[in-house]
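Enquirer: Let's see this in three dimensions:
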Amino acid sequence: MKQTVNQYEFRRALEDCRPDNFSYEGLVALFEYLEQWEEDTGEELELDVIAICCDFSEDTWENIAHQYGVSIDECDDDEEKQQAVADYLSDEGAFVGQVADCFVYRNF
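Expert: Below is the predicted model:
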């Protein structure tokens, strides 16, 4: 038995179980990404909050660059560094969305 959830129910489920994992904007970006994935693949996803929180993260570009060893030393300013991190996540197939100075991405 499956139940369809809307964006509000999705956000609420994650906020209730893991309130510190994603910002409001990050949850919106993640919901839209997962909805698009379902549409593209024709496969329904199960709302498993723990699995989602294990599979996806939201973090600053600085932390992502450090954690994944993204080379930003040759970038001239923060905007270029941020773009380098976005490009890296995209190249890895992990980019979900950007919210302010943070990225939502699939962990890899």
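
Enquirer: Below-threshold pLDDT in the chain: ranges please.
Expert: Residue ranges of the chain with pLDDT under 70: 1.

Enquirer: any idea how far residue 78 is from residue 55?
Expert: Between residue 55 and residue 78 the distance is 28 Å, computed by Cβ to Cβ, to the nearest Å. The way it works is simple: take the backbone N, C-alpha and C, and place the C-beta from them, glycine included.

Enquirer: Also residue 92?
Expert: As for residue 92, its distance to residue 78 is 21 Å (criterion: Cβ to Cβ).

Enquirer: Next: residue 102.
Expert: 13 Å.

Enquirer: the more surrounded of these two?
Expert: Taking other Cβ atoms under 10 Å, residue 102 and residue 78 do not tie; residue 102 has more neighbours (22 against 12).

Enquirer: wait, isn't that one in contact with residue 62?
Expert: No. Residue 102 lies out of contact with residue 62 (Cβ atoms under 8 Å); the separation is 9.9 Å.

Enquirer: Can you give the contact residues for the longest helix along the chain?
Expert: Ranked by number of residues, the top helix in the chain under DSSP state H is helix 24-41. Residues from elsewhere that reach helix 24-41, judged by Cβ atoms under 8 Å, 6 or more residues apart in numbering: 7, 10-11, 14-15, 22, 44-45, 52, 56, 58, 96-100, 102, 104.

Enquirer: need the next SSE after that helix, C-terminal direction.
Expert: As assigned by DSSP states H and E, the chain's next helix or strand after helix 24-41 is helix 49-55.

Enquirer: Put the alpha carbons of that following helix into CSV.
Expert: Output in CSV follows, covering the C-alpha atoms of helix 49-55 (Å, rounded to 0.1, in the frame of the first residue of the first chain):
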residue,chain,number,x,y,z
VAL,A,49,13.1,9.6,6.1
ILE,A,50,16.2,7.9,7.5
ALA,A,51,17.2,6.6,4.1
ILE,A,52,16.7,10.1,2.6
CYS,A,53,18.8,11.7,5.3
CYS,A,54,21.5,9.1,4.7
ASP,A,55,21.5,9.5,0.9
